[in-house]
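*Asks:* structural data only, the sequence is not supplied:
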């Protein structure tokens with residue numbers, strides 16, 4: 001959407017340069033067989049989470065929606081560039097719930113050397129990031 005891109009600093013000239021190479025998607029759209037794009041509300045304009053499903057399992061690549069494993073335990077802890085901190089926190093809460101579902105693995109590209117994992121509920125009701133090999 002041009003209105004969102006303009007808010008992120010894109011000019012008409014910059015948008016026009018990429019127009020022939022860009023295909024817009026809808027929230028929840030399957031962009032390839034088994035790959036669904038979901039808008040990640042609250043972080044940066046246009047941020048998307050990808051869910052890849054196959055063989056009865058799914059991988060959620062959540063990108064910048066979370067920047068560190070501690071946000072799995074404390075989804076209310078934001079990032080300085082969240083344009084909608086409350087929306088981003090709510091999105092992280094929902095994402096952590098999804099990451100705790102059976103046969104679901106998360107991919108957090110900012111999670112240093114523990115990028116693949118899942119959320120497991122602790123006795124206190126919060127979640128923790130458990131790396132998978």
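*Replies:* Cool, the structure landed. Owing to the predicted nature of the structure, the values given are computational and were not obtained by experimental measurement. Numbers count the residues shown, from 1 in each chain.
*Asks:* pLDDT of whichever strand or helix holds residue 37, averaged?
*Replies:* In the assignment (DSSP states H and E), residue 37 maps to strand 35-39. Across strand 35-39, the average pLDDT comes to 95.
*Asks:* next SSE after it?
*Replies:* Next helix or strand after strand 35-39 toward the C-terminus (DSSP H and E): strand 48-54.
*Asks:* residue 73 and residue 120: what is the separation?
*Replies:* Residue 73 is 11 Å from residue 120, where distance means Cβ to Cβ, to the nearest Å. All C-beta spots, glycine's among them, are computed from the backbone N, C-alpha and C.
*Asks:* what touches both of those two?
*Replies:* 127, 128 (Cβ atoms under 8 Å, 6 or more residues apart in numbering).
*Asks:* which one's more surrounded, those two?
*Replies:* Neighbour totals were compared for residue 73 and residue 120, and residue 73 leads with 17 against 12 (other Cβ atoms under 10 Å).
*Asks:* pull out the buried positions in stretch 52-66.
*Replies:* Residues of stretch 52-66 classed as buried by neighbour count (16 or more other Cβ atoms under 10 Å): 53, 58, 60, 61, 62, 63, 64, 65, 66.
*Asks:* correction: stretch 110-118
*Replies:* Within stretch 110-118, the residues that qualify as buried are 111, 117, 118, counting by 16+ other Cβ under 10 Å.
*Asks:* how far away is the nearest residue to residue 74 once chain neighbours are set aside from residue 118?
*Replies:* Leaving aside its chain neighbours, residue 74 sits nearest to residue 126 (7.6 Å; criterion: Cβ to Cβ, 6 or more residues apart in numbering). Counting by Cβ to Cβ, the separation of residue 126 from residue 118 is 14 Å.
*Asks:* and if you look at residue 100?
*Replies:* Distance, residue 100 to residue 118, using Cβ to Cβ: 7 Å.
*Asks:* what's the answer for residue 43, then?
*Replies:* 21 Å.
*Asks:* and the strand holding residue 37, how far out from the chain's middle?
*Replies:* Centroid separation between strand 35-39 and its chain, computed with Cα atoms, centre = their mean, to the nearest Å, is 9 Å.
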